[in-house]
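K.L.:
coords please:
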Amino acid sequence: MRLAGSKKNEKVEPAKPKMLELSDANFEQTVRDNKLMVVDFWAPWCGPCRIVSPIIEQLAEEYAGKLSFGKLNVDDNPMTAQAYGIQGIPTIMFFRYGEPVDMIVGAAPKAYISSKINQLLEADA
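P.N.:
Numbering: from 1, shown residues only. The predicted structure is shown next:
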């Protein structure tokens, strides 16, 4: 028995790439375990963060399989934000083998963030 509206050979959409939820407890291990990683430091009350968040999610889909993406709520995880000198949000930090190699502070257009990701990928090639 089929559900109304379902088709026998209907294609299933692939799962969206997972945006890793980072915390003070898992941050260091997670960025070390991922060869290349983009981390969005954000807070729920931050207006510009709400602009950047969907851009990061789109880029996570576009670059799936090439590098990892994660988000860290700075209000809930102040130790990590302080350890990396995060003074303004949104901050997007780029990591290679757990080491920060670049960052963007403030809301930035998708093309600019994408160019930074491409630089990270090219430097690792």
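K.L.:
Enumerate every residue touching the residue nearest to residue 91 when sequence neighbours are not counted.
P.N.:
Distances taken as CB to CB, 6 or more residues apart in numbering put residue 41 closest to residue 91, at 4.3 Å, once the chain neighbours are dropped. Glycine gets a C-beta too; all of them are placed from N, C-alpha and C. The contact partners of residue 41, taken as CB atoms under 8 Å, 6 or more residues apart in numbering, are 72, 74, 81, 84, 86, 89-93.
K.L.:
Which members of those residues occur in strands, if any?
P.N.:
72, 91-93 (DSSP state E).
K.L.:
do you know how far residue 102 is from residue 25?
P.N.:
As for residue 102, its distance to residue 25 is 25 Å (criterion: CB to CB, to the nearest Å).
K.L.:
Ok, residue 18 next?
P.N.:
From residue 18 to residue 25 the distance is 18 Å (CB to CB).
K.L.:
how about the helices in this structure?
P.N.:
27-33, 47-62, 78-83, 110-124 (DSSP state H).
K.L.:
Save these as TSV, and put in mean pLDDT and mean neighbour count too.
P.N.:
Shown next, in TSV, are the helices of the chain (pLDDT from 0 to 100; neighbours: other CB atoms under 10 Å):
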stretch	mean pLDDT	mean neighbour count
helix 27-33	96	16
helix 47-62	96	16
helix 78-83	98	15
helix 110-124	95	14
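K.L.:
Contact partners for the most centrally placed residue in the chain?
P.N.:
Nearest to the geometric centre of the chain sits residue 69, at 3.1 Å (CA atoms, centre = their mean). Shown in contact with residue 69 (CB under 8 Å, 6+ apart): 17, 19-20, 37-40, 56, 59-60, 63.
K.L.:
now residue 108
P.N.:
Residue 108 neighbours (CB under 8 Å, 6+ apart): 52, 92.
K.L.:
roughly how far apart are it and residue 122?
P.N.:
19 Å.
K.L.:
Then residue 34?
P.N.:
18 Å.
K.L.:
What's the local residue count around the residue lying closest to residue 43 once chain neighbours are set aside?
P.N.:
Leaving aside its chain neighbours, residue 43 sits nearest to residue 75 (4.8 Å; criterion: CB to CB, 6+ apart). Using other CB atoms under 10 Å, residue 75 has 12 neighbouring residues.
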